[in-house]
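A.B. asks: with the sequence up front, the predicted model follows.
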Amino acid sequence: MVPWNVSRVGTVQTMIQVLANARMADGRLMDVHITDGLISQMVKAGGPIPEGAAVHDLDGWLLLAAMAEPHAHLDKALTAELVPNPQGDLMGAIVAWRAAAAKGAFTYEATVESSAAAMELLLVHGVTAVRSHVNVLAENGTRSLRAVKAAAARFEGLLDVQTVALTDSPITGPDGAANRAALDAAVEEGVDFIGGCPHLDPDGPAAVRHALRIASDAGLGIDLHTDETLDADVLTLRDLARQVLDTGFSGLVAASHCVSLGVQTPKVQAEISALVAEAGIAVFPLPQTNLFLQGRDHAASMPRGLTALRALQEAGALVAAGADNVQDPFNLVGRSDPLETAALMIMAGHQLPDVAYDMVSNNARRAIGLAPVTMSVGDPADLVAIDAPSVRGAIANAPMARQTFKGGRLVASASQQTRIYRTST
């Protein structure tokens, strides 16, 4: 790990580091000067180095804004071997998870360890911030939430971890009393966002109202699983946008999935996208899990399970992409690598490489309330160096040769070696 140079100017402690010979996305070789965790200078490579600065030579590696994961399920991650989903669809995953939970498959200690393992994978791949939904159910109360928070404590100063209280359905009506109590307990325990699945509730609009009220009272944001279905008759997103606008809710708002928007007519897509943009709602398409779960009952012309990306972008809505589930019954694969998500946004979402990378880096950072990293003076020095020739090349090859910097400090690295063994002649 690269040591910081610490100097004192009067009574102020200043930490100076230089990431030398960094290749920018436009191909320029630059030296990135970092002071107290922020980019303080961007100069052409080979320029003067401040006296006593700690220098880390990137040797031409591509230096980009660190990636962020805006939608994870850390309490479920890496459990695919424990919880098979023979059915393969969303309800099959839900049924499989509940059955395993009822049998006691997920202890507090096991959830701490699997969550920590998932966080480590994210960090090594170049992620410095993650937002995770965590089950808050009548059956388990805040146990999973406490486990994820315990795992996050191991990454203090390395990885920013946000938690979303993911409630069960229903949340409304007499049958929702136990789930509402579980949510109240999670708020008391400490979460960053109110979650839930209003499109699965018998009264979706009321479920949205409840989430907004709880979040407003607690001073939290909301991040709702929204319209994770190809049923065109389900459009909770429209109601969410209208309620945010009508109530003047001022916290961060995100709508994850929004799959059914992708099967609307262009006119409806444009109308709802305009509402979403006006309400300031960030939308998170989640290609890995929704490509796996959605469309299984379409024998021909199988839909892609993605939201209306073009309409949202043209309306000016903030769109960031996440992985969602990783190696659990909701998604049997996944590498905890946003470059995998970016590649799917190119292949399935028809995004260009630079746009796809923004969706898993700066757009994701903005959407979860963090400052973007535009390689400008004053930006946080949350960075990832990748042994790749370009953004396109990084996404295409996803090399494991990476270095992750949090506030300019090297916090994780991985190397990659390849060899070819030829027989001698």
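C.D. replies: Received, thanks.
A.B. asks: burial of the nearest residue to Ala102 once chain neighbours are set aside, as a residue count?
C.D. replies: Counting by C-beta to C-beta, 6 or more residues apart in numbering, Glu139 is the residue found nearest to Ala102 once chain neighbours are left out, at 7.7 Å. Heads up, the C-betas are built off the backbone N, CA and C, glycines and all. Counted with other C-beta atoms under 10 Å, the neighbours of Glu139 add up to 12.
A.B. asks: give me the phi and psi for Glu139.
C.D. replies: phi -80, psi -40 (degrees, to the nearest 10).
A.B. asks: how near is it to Ile94?
C.D. replies: In this view, Glu139 and Ile94 are 13 Å apart by C-beta to C-beta, to the nearest Å.
A.B. asks: sorry, back to before: thought the residue nearest to Ala102 was touching Ala100?
C.D. replies: No - counting by C-beta atoms under 8 Å, Ala100 is not a contact partner of Glu139; they are 12.0 Å apart.
A.B. asks: quick one: contacts for Ala394?
C.D. replies: Contact analysis of Ala394 by C-beta atoms under 8 Å, 6 or more residues apart in numbering lists Leu62, Leu64, Leu339, Tyr357, Ile386, Ala388.
A.B. asks: again, 6 Å this time
C.D. replies: Residues in contact with Ala394 (C-beta atoms under 6 Å, 6 or more residues apart in numbering) are Ile386, Ala388.
A.B. asks: same question, the one 10 residues further on
C.D. replies: Going by C-beta under 6 Å, 6+ apart, Thr404 touches Leu123, Gly126, Val384, Val411, Ala412.
A.B. asks: can you check the pLDDT for the residue nearest to Ala102?
C.D. replies: Glu139 carries a pLDDT value of 84.
A.B. asks: if I look at it, how far off is Trp97?
C.D. replies: Distance from Glu139 to Trp97, by C-beta to C-beta: 11 Å.
A.B. asks: how many neighbouring residues does the closest residue to Ala165 other than its chain neighbours have?
C.D. replies: With sequence-adjacent residues excluded and distances taken as C-beta to C-beta, 6+ apart, Ala165 is closest to Ala186, at 4.0 Å. For Ala186, the neighbour count with other C-beta under 10 Å is 27.
A.B. asks: could you say which helix or strand holds Ala186?
C.D. replies: Assessed by DSSP states H and E, Ala186 sits inside helix 177-189.
A.B. asks: just checking, what packs against that helix?
C.D. replies: strand 127-136, strand 160-167 (3 or more C-beta pairs under 6 Å, 6 or more residues apart in numbering; DSSP states H and E).
A.B. asks: I'd like these laid out as a markdown table, including distance to Ser361 and mean neighbour count.
C.D. replies: Converted to a markdown table, these look like this (distance: least, C-beta to C-beta, whole Å; neighbours: other C-beta atoms under 10 Å):
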| stretch | distance to Ser361 | mean neighbour count |
| --- | --- | --- |
| strand 127-136 | 9 | 27 |
| strand 160-167 | 14 | 26 |
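A.B. asks: in JSON lines: the ones you listed, plus mean pLDDT and distance to Ala398.
C.D. replies: Supplementary listing: these in JSON lines, determined by pLDDT from 0 to 100; distance: least, C-beta to C-beta, whole Å:
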{"stretch": "strand 127-136", "mean pLDDT": "98", "distance to Ala398": "13"}
{"stretch": "strand 160-167", "mean pLDDT": "98", "distance to Ala398": "23"}
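A.B. asks: if we can go back for a sec, quick check: next helix or strand after the helix holding Ala186?
C.D. replies: Immediately after helix 177-189, counting by DSSP H and E, sits strand 193-194.
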